[in-house]
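Visitor: Here you go, sequence then predicted model.
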Amino acid sequence: MNPVVWVVVAGVIAVAIIIITASLTSSSSRKSEQQLAAMRQEMQTSLTTQSQGISSQLNHVVQNVTQQLGQVRQELQAGVASTGQLTSDAQREVARRLQASTDLLVEMSQKIGEVRQTGQDLSKAAQSLQSVLGGAKTRGTLGEVTLERLLADALPQSAFETQFRFDSTGAVVDAIVRIGNRILPIDSKFPLEAYRRLADGGDEARRDFCVAVRKHATSIAEKYVLPHEHTFDYALMFVPSESVYYELLMSEDSKHGPLDEFCRAQRVFPASPNTICALLGAVAINLQERKLEENIQYLRSGLDGLKKQMESFADVYEKLGNHLRHAQQSYDEADSKFERARNSLEQVSQGVFPEKPAPKILDAGSAEPARTEPLFAGENYKAD
């Protein structure tokens, strides 16, 4: 129950108690009607005051309750609106994520289709390559093209030559590298068919592979190692695959031992794409050093010629200095004589004539007469 109701009930009970007490008092004492009237007036005043206080409290309580109900209503409305907004945002986010997932699935489906198509294309390309490399001639051509590309990437055009023919035997080697006055033969016709049979396994396939490689190394040594035609005393056997090169290094038989040792004994050195790149890099550095040495020799000969020219120029320069010194001396003498002549002319123009020189007395044996003519033509002498 509301506390305000409790207050009202307590007031009513108190008023009733007062009335009852007053009634008992008036009935018992019966003092006078004036006292009873005064008591009745006092009770009415007290009841009026209490009623006004209770009404004021009730109004205050009603106002507080109404205000609180308004705040609760506003908060409830705000909460409902916020909940609706959150629900709407959540729905939009869920819809966006679902759309993104759908798009991703579609894209993945497309990628899977592209990968499947790429796999099919690669399978067809592998089959085509297998058919292309089926013949020994085609595989040899592939090795030659690979070797030529490696040579072109590592060396200048003047440092190598493909399909070189030896004059003495007429044999044609796939490529040579020129290093100074010597040439390095390189063969690229490796027996890949014997290597392909290694996939079947077995000692027989391994023996066939070793036999094919030994036969090929011996053939290279006989046809291309020709020191009388300025070749090195060894040649290179180009192996166009790293896996085949590894098998060559690891293969051996009980009769001839490791396969690579047999090749080296024949002065034929196997070279894979990686090893031949390193070798060609060293050759390129050597060629650069040789070119630098040639340039140094050319520069040295040029400096020697310049030194001779400087010595010849020094002689000419010294002669020119002597001539200039002589010319300077002649100029100084001519300038002195010219200065004396100019002074004499200035004196003559001013009317000042030089005195007549004394006659020259000759010895008795001298045949030269005394000079009596004037120093200059038309020269007059002052009277004594």
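Guide: That came through fine.

Visitor: per-residue confidence for residue 161?
Guide: At residue 161 the predicted local confidence, pLDDT, stands at 90.

Visitor: three-state assignment of the closest residue to it other than its chain neighbours?
Guide: In space, and not counting its chain neighbours, residue 161 is closest to residue 176: 5.4 Å by C-beta to C-beta, 6 or more residues apart in numbering. From N, CA and C alone the C-beta is placed, and that goes for glycine too. Using DSSP: H, G, I helix; E, B strand; the rest coil, the structure places residue 176 in strand.

Visitor: For the strand or helix carrying residue 61, name the packing helices and strands.
Guide: Secondary-structure element containing residue 61, defined by DSSP states H and E: helix 33-132. Using 3 or more C-beta pairs under 8 Å, 6 or more residues apart in numbering; DSSP states H and E as the contact criterion, the elements in contact with helix 33-132 are helix 3-29.

Visitor: got a list of what residue 83 touches?
Guide: When contacts are counted by C-beta atoms under 8 Å, 6 or more residues apart in numbering, residue 83 touches no other residue.

Visitor: rewinding a little: what's the local residue count around the residue nearest to residue 161?
Guide: Neighbour count for residue 176, taken as other C-beta atoms under 10 Å: 23.

Visitor: Pretty sure it sits against residue 182.
Guide: No: no contact is recorded between residue 176 and residue 182 when judged using C-beta atoms under 8 Å, the distance being 9.8 Å.

Visitor: Low-confidence bits of this protein, can you list those?
Guide: Where the chain drops to pLDDT under 70, the residues are 1-12, 14-16, 19-33, 35-36, 123-142, 199-202, 352-384.

Visitor: how much space between the spatially most central residue of it and residue 318?
Guide: Nearest residue to the geometric centre of the chain (C-alpha atoms, centre = their mean): residue 153, 21.4 Å. According to C-beta to C-beta, to the nearest Å, residue 153 stands 58 Å off from residue 318.

Visitor: ditto for residue 184
Guide: With distances defined as C-beta to C-beta, the gap from residue 184 to residue 318 amounts to 56 Å.

Visitor: cool, residue 351 as well?
Guide: Residue 351 sits 52 Å away from residue 318, taking C-beta to C-beta as the criterion.

Visitor: Looking at these two, which is more packed in?
Guide: Set residue 351 next to residue 318 and count neighbours by other C-beta under 10 Å: residue 318 wins out with 10 against 6.

Visitor: Now do the SS call for the more buried one.
Guide: The three-state assignment at residue 318 reads helix, by three-state DSSP.

Visitor: and if you look at the one 10 residues further on?
Guide: Assigned by three-state DSSP, the conformation of residue 328 is helix.

Visitor: Quick check: it vs residue 255, distance?
Guide: Between residue 328 and residue 255 the distance is 98 Å, computed by C-beta to C-beta.

Visitor: likewise residue 75?
Guide: From residue 75 to residue 255 the distance is 101 Å (C-beta to C-beta).

Visitor: And for residue 313?
Guide: Separation of residue 313 from residue 255 (C-beta to C-beta): 77 Å.

Visitor: mind listing the helices for the stretch 201-350 of the chain?
Guide: Ranges of helices within the stretch 201-350 of the chain are 203-224, 242-250, 259-265, 273-349, based on DSSP state H, counting those that start in this stretch.

Visitor: buried set for the second one?
Guide: Right, helix 242-250. 244, 245, 247, 248 (16 or more other C-beta atoms under 10 Å).

Visitor: Widest-spaced pair of those residues?
Guide: Spatial extent of the buried residues of helix 242-250 (C-beta to C-beta) is set by the pair 245 and 247 at 7.4 Å.

Visitor: Pull the number of nearby residues for residue 144.
Guide: Neighbour tally, residue 144, other C-beta under 10 Å: 19.

Visitor: One more: the one 5 residues further on?
Guide: Applying the criterion other C-beta under 10 Å, we find 11 residues in the vicinity of residue 149.

Visitor: quick one, phi/psi of it?
Guide: Dihedral pair for residue 149: phi -70, psi -40, per degrees, to the nearest 10.

Visitor: That one and residue 273, how far apart?
Guide: Here the criterion is C-beta to C-beta. By it, residue 149 lies 10 Å from residue 273.

Visitor: Could you list the domains of the protein?
Guide: As given by automatic domain parsing, the domain ranges for the chain are 3-96, 133-295.

Visitor: Let me know which of these is tucked in deepest.
Guide: A comparison of the domains of the chain by mean neighbour count, using mean count of other C-beta atoms under 10 Å, puts domain 133-295 on top with a mean of 16.

Visitor: Pull the contacting residues for residue 218.
Guide: Taking C-beta under 8 Å, 6+ apart, one finds residue 266 in contact with residue 218.

Visitor: mind redoing it with 10 Å?
Guide: Taking C-beta atoms under 10 Å, 6 or more residues apart in numbering, we find residue 218 in contact with 262, 263, 266, 268.

Visitor: Tabulate these in JSON lines, adding columns for distance to residue 204.
Guide: What follows is those, written out as JSON lines (distance: C-beta to C-beta, whole Å):
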{"residue": "262", "distance to residue 204": "19"}
{"residue": "263", "distance to residue 204": "22"}
{"residue": "266", "distance to residue 204": "24"}
{"residue": "268", "distance to residue 204": "25"}
